[in-house]
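In: coordinates for the following, if possible.
(4 chains)
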Amino acid sequence: MSQPNRLSQGGRIDRSRKLHFTFNGKRYQGHAGDTLAAALLANGVDIVNRSFKYSRPRGIVAAGAEEPNAVVQLGSSEAGQVPNVRATQQALFDGLVARSTNGWPNVQRDMMSLVGKLGGQFMPPGFYYKTFMAPASLWMTYEKFIRKGAGLGRSPTEQDPDIYDHLHQHCDVLVIGAGPAGLAATLAAARSGARVILCDEQEEMGGSLLDARERLDGKPASQWVAEALATLAGMENVTLLPRTTANGYHDHHFVTLHERRTEHLGETAPLRDGHRQVRSRMHRVRAGRVVLATGTHERPLVYANNDVPGNLVAGAVSTYVRRYGVVPGQRLVLSTSNDHAYRAALDWLESGREVVAIADARANPDGELVEQARAQGIRIMTGSAVVEAKGDTRVTGARVAKVDLDGFRVVGKAETLDCDTIASSGGYSPVIHLASHTGGRPTWRDDLLAFVPTLVKGVSAAGGAHGIYATAEVLADGQHAGGQAASELGFQAVSIELPKVAARRDGPACALYQVPHEKPTLRAPKQFVDLQNDVTAAGIELATREGFESIEHVKRYTAMGFGTDQGKLGNINGMAIAARCLNKSIPEVGTTVFRPNYTPVTFGAIVGRHCRELFDPERYTAMHQWHVEHGAEFEDVGQWKRPWYFPQVRADAVNGELESMAEAVARECRAVREAIGILDASTLGKIDIQGPDAREFLGRVYTNKWAKLAPGRVRYGLMCKDDGMVFDDGTTSCLGENHFLMTTTTGGAAGVLEWLELWHQTEWPELQVYFTSVTDHWATMTITGPEARKLLAELTDIDLDREAFQFMDWREGKVADVPARVFRISFTGELAYEINVQANYAQHVWDALFAHGEKYGLTPYGTETMHVLRAEKGFIIAGQETDGSVTPEDLGMQWCVGYDKPFSWIGQRALTREDTKREGRKQLVGLKPKDAKVVLEEGAQIVLDPTHAIPMPMVGHVTSSYYSPTLDSGFALAVIKGGQQRMGETVYLPMADGQTHEAEIVSPIFVDPKGERQNV
Amino acid sequence: MSNVAIFDTRTDAKIPLESPLAYAYRRFGAPAATARSRVTLRERPFLGHLILRGGAIVLDEAVREVLGISLPGEPQGLVLDAEGERSIQWLSPDEWLVIVPGGEEFTLENRLREALAGAHFAISNVSGGQTLVELEGEAARELLMKSVIYDVHPSHFPVGKGVTTVFAKTTVILRRPSDARWELVVRRSFADYTYRWLLDAGEAHDIGVER
Amino acid sequence: MQRYSGFGLVKHALSHHENWQRQWRNPVPKKQYDVIIVGGGGHGLATAYYLAKEFGVKNVAVIEKGWLGGGNTARNTTIVRSNYLWDEAAALYEHSMKLWEGLSQDLNYNVMFSQRGVLNLGHTLQDMRDIQRRVNANRLNGIDGEVLDAKGVQALVPIMDCSKNARYPVLGASWQPRAGVARHDAVAWGFARAADAHGVDILQQTEVTGFKIRDGQIHGVHTNRGDIEAKTVGCVTAGNSGVLAKMAGIKLPLESHPLQALVSEPIKPVLDTVVMSNHVHGYISQSDKGDLVIGAGIDGYNGYGQRGSYPTIEHTLQAIVEMFPIFSRVRMNRQWGGIVDTCPDACPILSKTRVKGLYFNCGWGTGGFKATPGSGHVFAASLAKGEMHSIAAPFSIDRFHTGALVDEHGAAGVAH
Amino acid sequence: MFNIHCPYCGELREEEEFHPKGQAHIARPADPAACTDEEWGDYLFFRDNPRGIHHELWVHAVGCRKFFNITRHTVSYEILETYKMGEQPSFTAEYPQGGSDAAAMHPAQVAQQAGVHA
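Out: The predicted model follows:
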């Protein structure tokens, strides 16, 4: 397999290692050290993709992160698919399989290109805003076709086989970019003793030094790079991160670094020493200081047909020649506005290929590189530029003409040069993306013809990143930045020795962005600004004509800069064109703002390990395994997994069929009402409250009174916010005069603790009280039902006599030989004991209860049965009966409100506001469906007149609804406007299926209204 | 009853105890440490854990008298006794975590209460609610860097330091009692998640679990 | 106004697009207007448009300190729906939805309103109760919607993980078929062009620096381009309302928070509906360009920086990958932040103030974009008549004193 | 993402350990019953929302669990100081460079947060 564009020597590739790869179904060969782009160019592959809007053939134009065209679909397996891989940043690996993302039936012959050719002129920017409007009903159909053209690559359809992780890094100095500036900065900072991280996005570190023509200390620049890296690698305080892109710069010097750990090895991460490797890793770096040594991006020139394959930016030509030993053509024409780009011609010539001409837009270029080119006999056409590329699927020629830059016009007649490659350079844009992530607006510098970053405190730029380009100056600038950063943090600056580099005399560059054409821009062949989004100079001109005058408008109207390259090549050119059209300066049309990411980052890397089983913690109680083993279905309550119900094998099962949920819940309910059930209640929040002012504090945060609760007693309490709305409830027990144990709802535990601390720390620091969470310390098991006393008696030394241990008492003693606090409280309305033991003993006690409880029919029940039983008693669930708009009075819980407490407790004032005291608020009631078989839908809306036209006035809704085995009927709790005054009235619930249910407003207490059963 | 209810939740009766990690061990196993293991995990279950609340000035004398070690004078301080068996850690300006060998906590609480009589303070026994997990080995620090947001570099996290911080999607108390050893104080209900996370993130380091 | 049509497009193509007119003028401010709208975002432009078109008030200026549509109109995730819980909010958003349904034709500007449907997922039993409550209320309020179970959700979105293995399995969803997305920038441009055509002056790069208030009556505004008089001034400056109110000596119950969003690289269409999950917290749709458009949460602190905290982005993508495991290898292209003015009850303020003739339309939180035409319409009606429109009336500032909140987040648990 | 100096822990900690709790220095009216509905509504809902220097209440939720105050710029997000409950800010809208009358009570915290900027 030949690589026609591969030089016989040179480059940094490993020629001994041949790698095979497939592109668009065809097999090719490259070398270790190639990028996919380099290997494609080596093999003479011109067309790598079709453009998004016009389906024009596109080739590789750049060599790095700024590449807009060579975006491919990677992957041989379905799960290994990677969409939108930039070929210039993808290291070649053996067996790599890639395809173009657009083009049907293939990228060479794309049927859509006909549409682009014929229809292109009907698709100016914003054309879709101006059409597809009639008839209105057809828009969704039009859109279906528009969507067929959407997207570049495709998502895999299978689960990602790879894993990702995060590393939380902290350093004194973070240096971004390992070119000359970054290396010098790192050496300087590291020598002073600071903890330094150096990252670089490329496959190897060295940046521009890897293809520099200069010699450092008389040696090839790459040799100095190797030495510097070796030095740094040997320093304990330095972390080197190659293949690592700083993708986002967040506040206070928090920077995310995306390290591609295995993407150079394969489409999925190979095993290493038998271990799975992470495909990529996100370093979450908190830095003390940051040095941006991010270099520059070269700007291509905007001329007609500048998108035909064979048009490249000049620097990329040098990179391919010098780093990869690849010359991407035979005959080169260079079009430039500056000296630096001459490197491309010199490198091209030195690889033995022909340089047809250099078109230099300046009248009298005379820098050192220009002189070198002249000395080599290259034809230099001054005051000229390439105005149009010829060719269809590959450049076949360049039309070069004299241009009048001030007048924006072509002067005289163009000359057509025979060539297959056009390299262009319109100057250099400092890579200011990261600096602008934190809100710093870049400023335009006329002397540099570029935006430079505006830096916040603690960050500095070095080298090309702020417009310093000469290698010797870049090194010195880097050293200064690194040393300064370290010394600002208190490290002693240590001087380092920098290599000697011969100074080079460069002539001044001229301002050239769009090259004039003989025809006006709107009539000239397409002059592309943003290649990925097919944005042309004409499009920008049209936008400005239509009134889009700020660059933000222009970008949005044309889609310029919204591609996966984020306009790295095109944005400045686009601004310049808009400025020209509006007769303004570039800074007057706006500035360029970049948002993270610098280059796109895999979702997986941002997610890290927080996926699948580790997406969110599952909190378990001490009895969790027992629940699993006994077939529990679980309900998610906050992060807890709570048993929802315990389906058992049906009595009539043939093949082990399980009960339905309704059957299981009915059985569990009956067990509690008729015998005994057991609930794992460990998840309720528990807060240990100690201190002489504990009682006073409770009185302020609960709605009801706590002054007289005696040790040994328990009381239910409601908590409101100061707007008077209920937000949590629970029981609190008086353990001692200065000691209480508060329980909260499962979901509310953390919030209530923080709430108590908030009031204590910010409003009432004078109160002597401490709060400590003991939720996890205790395991709580509730046995409830008529047989509860009998069962507990078998296992405890506590006197269970109904007088000695009354309802709403608590006692301590032993249960199953384990120290326990037992609370006689009931959420079911039945006799109930809540047994609390240290969680490490919980399983033993639970087992003992079952060992003794079987004969009483001890039945485990879950949250569903709990809900049914409490609803039969009219007990609320905070968050189900309440929704942040319900007061204690709305709940009919005036019995739980201390209106005459001396301190205005939290929520009290709000109860007398205009809206809270008005008539007709929604109030908690019970609902009895007229048809006992009906279980109303939770969330069903309640109306008084079901014949009313839509919109139908609603008076409330069902908050809880169940079938009650005890009543053998459906029943519900609801909130209804003025409900407490409407007892006995009939209301209606019109449902989605067309049925309207009837129900009677009743008391919310359905079972044992006098509360006799819990008092037995 | 006194003003505060003191209650020994531990018994000397021979009753099987289950650590917060019991279910995780059964469900996910405990890969044995091998020669290749660059980090090992060891749970030290059933220790006595007390939360001490009160002003430093109030508590210091009593702690020294009863525990024989002084209250950490600085935030993030962790002080151990000579045997390394008993420790007291700063959690907040008025909150300390005391960890002692299992079974000592009730006596300790009583003695502290005695010594502190008359002062405003609180002691809560949380022994059943948390467990101690040790990490050791050359990769322990990297494993922590994958897991906690706090800077665990030795220059920032010397021996004798302890912090409460974010661990993956939960929280831990992270301490460094000795050069080689890190300790995580883990809440019971999050223990399973924490263990699974450590096994997952530690797989690359051949994490071994000592039991 | 040059009318847009497919035929016109062809005609212009043949003349090399050299004859397109400006979509709106760049007028010199007059000394005096009947109504001044402060804020040239979607809501402000819509207000001006409806004032001129429906309420006969044509001497109107829209004053914009930057570029029209450059605030939250340009920074949202483009979702349009009306399935709000409370009657008051539902009426407002459904009014808006009805206007959306003819908006492209009304404005002669294709705002690409795509009724691809919105799913609000439920992952817990309480989620499902809330969904049922909301959908039942919507139905009786004449708003389309149904409750789906997990199977129904899976059928609509085959690529979503609806299995029981998920950490928080999908139990079901509410489904509003008429809901969808629209092209956000086009909404501002379309309203601007149409308002301009009715004679409204859109004054860009004009910053209000103060209010002219005499005897409790508004008389106009001070701007960096001179004073402009009007007896009616409507402030519609999301992200800046508090600052403006302060100039008028008015306090608003608003906090401005960062709200972040992000897009993936464009991929071939795989997701045709809008999916929102409050519980695992992420929402997602796929644009006509192929980008996955993803909304993140609100950061808890006040911020005008148009950026938020990184963990918010992380949590959002964790949620997205949890719901759509196949997206793990897709890449995030870009993130950005908007400024949302949030009210304590997650509902907007459409209100008169103590200053006669000075009105505020603000506090839309995450609901602003979807309300654009409806908000503009009822606000225009209120400004024109000097009385709040019946749909707008419940959203008065007074409610924070009487306690009559319209508590959407307390109840519905659905934001965005 | 912010780097916040906890005045109680005495060191810089990551934002993820903290929760913002709204505007600082909102005192509950001493006699709620004496408040009008309007005054009570103001206390509940009306907050400063400045574009610039803002005093905020935060809690070191995953840490020492203490509430404290931050003076922060709401556009640049620069944190100018952090201070304990009961203390007063030295950076205010009137004194954007610091040095308000109540200042100098906590120079240490100002110094510690210095250098952690946007």
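In: can you name the residues bridging to the residue nearest to D:His25 when sequence neighbours are not counted?
Out: Closest residue in space to D:His25, ignoring its immediate chain neighbours: D:His55 at 6.0 Å, by C-beta to C-beta, 6 or more residues apart in numbering or on different chains. To be clear about C-beta, it is placed using only N, CA and C from the backbone, and glycine gets the same treatment. According to DSSP bridges, the residues that bridge with D:His55 are D:Thr71.
In: ok, D:His55 to A:Leu795 distance?
Out: Per C-beta to C-beta, to the nearest Å, D:His55 is found 57 Å from A:Leu795.
In: what does the helix ranked longest in chain D contact?
Out: Longest helix of chain D, by residue count under DSSP state H: helix D:37-45. With C-beta atoms under 8 Å, 6 or more residues apart in numbering or on different chains as the contact definition, helix D:37-45 has outside contacts at A:722-723, A:909-910, A:913-914, C:251, C:253, C:344, C:400-403, D:26, D:28-29, D:32, D:35.
In: where in chain D is pLDDT low?
Out: Within chain D, the ranges that satisfy pLDDT under 70 run D:101-118.
In: can you pull out the strands in it?
Out: D:3-6, D:11-14, D:19-23, D:53-59, D:67-73, D:79-84 (DSSP state E).
In: does stretch B:27-46 reach chain A?
Out: Yes - applying C-beta under 8 Å from any C-beta of the partner chain, one finds stretch B:27-46 in contact with chain A at B:27, B:45-46.
In: the helix or strand of chain B with the lowest mean pLDDT: what's the following helix or strand?
Out: Sorting the helices and strands of chain B by mean pLDDT, DSSP states H and E puts helix B:56-67 at the bottom, at a mean of 93. Moving toward the C-terminus from helix B:56-67, the first helix or strand encountered (DSSP states H and E) is strand B:78-80.
In: next, the contact list for the nearest residue to A:Glu204 once chain neighbours are set aside, please.
Out: Spatial nearest neighbour of A:Glu204, excluding adjacent residues (C-beta to C-beta, 6+ apart): A:Pro242 at 6.3 Å. When contacts are counted by C-beta under 8 Å, 6+ apart, A:Pro242 touches A:178, A:199-200, A:202-205.
In: who wins on neighbours among those?
Out: When neighbours are counted by other C-beta atoms under 10 Å in any protein chain shown, A:Ala178 leads these with 31 neighbours.
In: look up phi and psi at A:Gly677.
Out: Phi and psi for A:Gly677, reported as degrees, to the nearest 10, are phi -130, psi 170.
In: so what pLDDT did it get?
Out: On pLDDT, A:Gly677 comes in at 98.
In: now for the residue lying closest to A:Lys917 once chain neighbours are set aside: which residues touch it?
Out: Spatial nearest neighbour of A:Lys917, excluding adjacent residues (C-beta to C-beta, 6+ apart): A:Leu911 at 7.0 Å. By C-beta under 8 Å, 6+ apart, A:Leu911 lies in contact with A:724, A:887-889, A:897, A:917.
In: now A:Leu911: how far from A:Asp722?
Out: According to C-beta to C-beta, A:Leu911 stands 11 Å off from A:Asp722.
In: cool, B:His205 as well?
Out: 51 Å.
In: and A:Lys219, by the same measure?
Out: Following C-beta to C-beta, the distance that separates A:Lys219 from A:Asp722 is 74 Å.
In: and the two? Which one has more around it.
Out: Using other C-beta under 10 Å, the more surrounded residue of A:Lys219 and A:Asp722 is A:Asp722, with 19 against 12.
In: just give the number of residues close to residue 261.
Out: No chain specified, so I'll use chain A. A:Arg261: 18 neighbours (other C-beta under 10 Å).
In: think we crossed wires, I meant chain C
Out: The tally of other residues near C:Ala261 (other C-beta under 10 Å) stands at 22.
In: residues touching it, list them.
Out: By C-beta under 8 Å, 6+ apart, C:Ala261 lies in contact with C:75-77, C:293-296, C:335-338.
In: highest neighbour count among those?
Out: Within the contacts of C:Ala261, neighbour counts (other C-beta under 10 Å) peak at C:Ala296, which reaches 28 neighbours.
In: what are the phi and psi angles of that one?
Out: Reported as degrees, to the nearest 10, the phi and psi values for C:Ala296 are phi -110, psi -170.
In: next one, pLDDT for it please.
Out: pLDDT, C:Ala296: 92.
In: give the buried residues for stretch B:54-61.
Out: B:54, B:58-59 (16 or more other C-beta atoms under 10 Å in any protein chain shown).
In: again with stretch A:994-1013
Out: Using 16+ other C-beta under 10 Å as the test for burial, stretch A:994-1013 gives A:997, A:999-1002, A:1004-1008, A:1013.
In: near chain D too, which of those residues?
Out: Applying C-beta under 8 Å from any C-beta, the subset of those adjacent to chain D is empty.
In: neighbours of C:Lys370, just the number please.
Out: Counted with other C-beta under 10 Å, C:Lys370 comes out at 27.
In: secondary structure element holding it?
Out: helix C:368-385.
In: show the average pLDDT along that helix.
Out: 98.
In: try stretch A:66-77
Out: Model confidence over stretch A:66-77, given as mean pLDDT, is 97.
In: can you tell me the SS state at A:Arg673?
Out: The three-state label given to A:Arg673 by DSSP: H, G, I helix; E, B strand; the rest coil is helix.
In: correct me, but it touches A:Glu830?
Out: Yes - between A:Arg673 and A:Glu830 there is a contact under C-beta atoms under 8 Å: 6.6 Å.
In: and for these two, which residues touch both?
Out: Shared contacts of A:Arg673 and A:Glu830 (C-beta under 8 Å, 6+ apart): A:785, A:869.
In: related to what we said a few turns ago, neighbours around the residue nearest to D:His25, how many?
Out: 22.
In: close enough to count as contact, it and D:His73?
Out: No - with contact defined as C-beta under 8 Å, D:His55 does not reach D:His73; the gap is 11.2 Å.
In: residue 84: neighbour count?
Out: Went with chain A since none was named. So A:Asn84, with other C-beta under 10 Å, has 24 neighbours.
In: let me rephrase: I mean chain C.
Out: Number of residues near C:Tyr84 (other C-beta under 10 Å) recorded here: 27.
In: which residue, other than its chain neighbours, is closest to it?
Out: Per C-beta to C-beta, 6+ apart, closest to C:Tyr84 is C:Ala90, 4.6 Å.
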